[in-house]
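S.K.: Give me a model of this one.
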Amino acid sequence: MKSNPPEPSFVSVHGGHSGEFCLHAKDRLEDMIKRYIELGFTWVGITEHLPAWKDEFMYPDEIAANLTPKKMLKTFDSYIKECNRLKQKYDSKIRIFTAFEIETCSGYDAFVPEMIKRFKPDYIVGSVHHVNDLGFDISRSQYLETAEKSGGMDALYERYFDLQYEMLMTINPAVAGHFDLIRLFDVDYGLRIKKPCIWQKIVRNLECIRRQDIVMDYNLRALTKGAEEPYISAPILKLAGEMGIRVVPGEDSHSVADIGKNMERGIKTLDDLGFTTSFEPPRLYSWEKQETHNK
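M.R.: Numbering: from 1, shown residues only. Now for the predicted structure:
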């Protein structure tokens, strides 16, 4: 007799931005962990942003708060310690991964490996929030300005996916964060991503993700912010499924209220498309083995 598949469980491969450690988030990290437990999440990756390593990469709210890269790095150190504490405290109720989300700006190829070695995360999320070192996700006006300086909308997409590919190859993160974030303020993204000059770069990046066993973040925050579909958009998601790439929900929460939003909808979409909903964590760093080997 054929056994029934296990019921899908709530998980998040990209979550837990908290007001304690992120200016554009709310609430204490421990309160967010309690909410994950309350909703029955079996595991969650807490993926706080790695801070900017230069003044020019800081966000407007960080500048307004008179922060500096040095101050933000100190806060980030506190985040790692607190997340590891909560991991131990709630070990019997939920599996927590202490992770972080990286930026892809000039100098990341040296800075990120240094931070990985220093903070020893369970895994990292590789994201792109800048093109040619210019941000694009703060506002529509910023997005359009960056597109203009990049040579137009098509060129913006092409450069984004080139930078993403370079990051995937250079850093080899366990998770590819919100793969097609570049469509954020583009009402014509459905047609644009199918242009050969852009689609071929998308296919190239997916092949890299498959080859390197990188999990794709099915980022549900887009729905919370009013988008019609999550990141990854339907044509890309369909191809990822055909390629056998692992896709795992990430609610990219920035407050207690965000946690669990649209999770059932996201899981149903993945299930309908034939993705496994027995979500396993991404590949993890093996720090204990490395430290034992180095002794």
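S.K.: low-scoring stretches of the protein, by residue?
M.R.: Residue ranges of the chain with pLDDT under 70: 1-8, 288-295.
S.K.: center of it - which residue?
M.R.: Centrality entry for the chain: nearest residue to the mean C-alpha point is G177, 3.1 Å, by Cα atoms, centre = their mean.
S.K.: quick one, what contacts that residue?
M.R.: With contact set as Cβ atoms under 8 Å, 6 or more residues apart in numbering, G177 has these partners: H14, T47, E101, V125, G126, S127, D217, N219, G250. Any C-beta I mention is one placed from the backbone N, CA and C, and that applies to glycine too.
S.K.: Check P51 too.
M.R.: Counting by Cβ under 8 Å, 6+ apart, P51 touches P69, M72, L73, T75, F76.
S.K.: Relative to V187, which of these is nearest.
M.R.: Of all the contacts of P51, M72 has the smallest distance to V187: 33.9 Å, by Cβ to Cβ.
S.K.: does the closest one sit in a helix or strand, and which one?
M.R.: Assigned by DSSP states H and E, M72 belongs to helix 69-89.
S.K.: how about the CA coordinates for that helix, as PDB?
M.R.: Extracted as PDB, the C-alpha positions of helix 69-89 are listed here (Å, rounded to 0.1, in the frame of the first residue of the first chain):
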ATOM      1  CA  PRO A  69      30.100  50.500   9.600                       C
ATOM      2  CA  LYS A  70      32.100  50.000  12.800                       C
ATOM      3  CA  LYS A  71      29.000  50.600  15.000                       C
ATOM      4  CA  MET A  72      26.800  48.300  12.800                       C
ATOM      5  CA  LEU A  73      29.400  45.600  12.900                       C
ATOM      6  CA  LYS A  74      29.300  45.700  16.700                       C
ATOM      7  CA  THR A  75      25.500  45.400  16.600                       C
ATOM      8  CA  PHE A  76      25.900  42.500  14.200                       C
ATOM      9  CA  ASP A  77      28.200  40.700  16.700                       C
ATOM     10  CA  SER A  78      25.500  41.100  19.300                       C
ATOM     11  CA  TYR A  79      23.000  39.600  16.900                       C
ATOM     12  CA  ILE A  80      25.100  36.500  16.400                       C
ATOM     13  CA  LYS A  81      25.600  36.000  20.100                       C
ATOM     14  CA  GLU A  82      21.900  36.500  20.800                       C
ATOM     15  CA  CYS A  83      20.700  34.200  18.000                       C
ATOM     16  CA  ASN A  84      23.100  31.500  19.200                       C
ATOM     17  CA  ARG A  85      21.700  31.900  22.800                       C
ATOM     18  CA  LEU A  86      18.200  31.500  21.500                       C
ATOM     19  CA  LYS A  87      19.100  28.500  19.500                       C
ATOM     20  CA  GLN A  88      20.200  26.800  22.700                       C
ATOM     21  CA  LYS A  89      17.300  28.100  24.800                       C
END
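S.K.: what ranges do the strands span in the stretch 51-200 of the chain?
M.R.: With DSSP state E, counting those that start in this stretch as the criterion, the stretch 51-200 of the chain has strands at 95-102, 123-126, 130-131, 134-135, 175-176.
S.K.: how close does G151 get to R159?
M.R.: Shown here: G151 relative to R159, a distance of 8 Å by Cβ to Cβ, to the nearest Å.
S.K.: before we move on, the earlier item: of the contacts of P51, buried ones?
M.R.: P69, M72, F76 (16 or more other Cβ atoms under 10 Å).
S.K.: Distance-wise, check the closest residue in space to the second one that isn't next to it in sequence relative to G19.
M.R.: Spelled out, that is M72. Setting aside the residues directly before and after it, M72 is nearest to P51 in space (Cβ to Cβ, 6 or more residues apart in numbering), at 3.5 Å. Here the criterion is Cβ to Cβ. By it, P51 lies 15 Å from G19.
S.K.: Kindly report the same for D91.
M.R.: When distance is defined by Cβ to Cβ, D91 is 24 Å away from G19.
S.K.: out of these two, which sits in the busier spot?
M.R.: Here D91 and G19 are set side by side on neighbour count (other Cβ atoms under 10 Å), and the busier one is G19, at 17 against 10.
S.K.: Leaving out sequence neighbours, find the closest residue to that one.
M.R.: K26 (4.3 Å).
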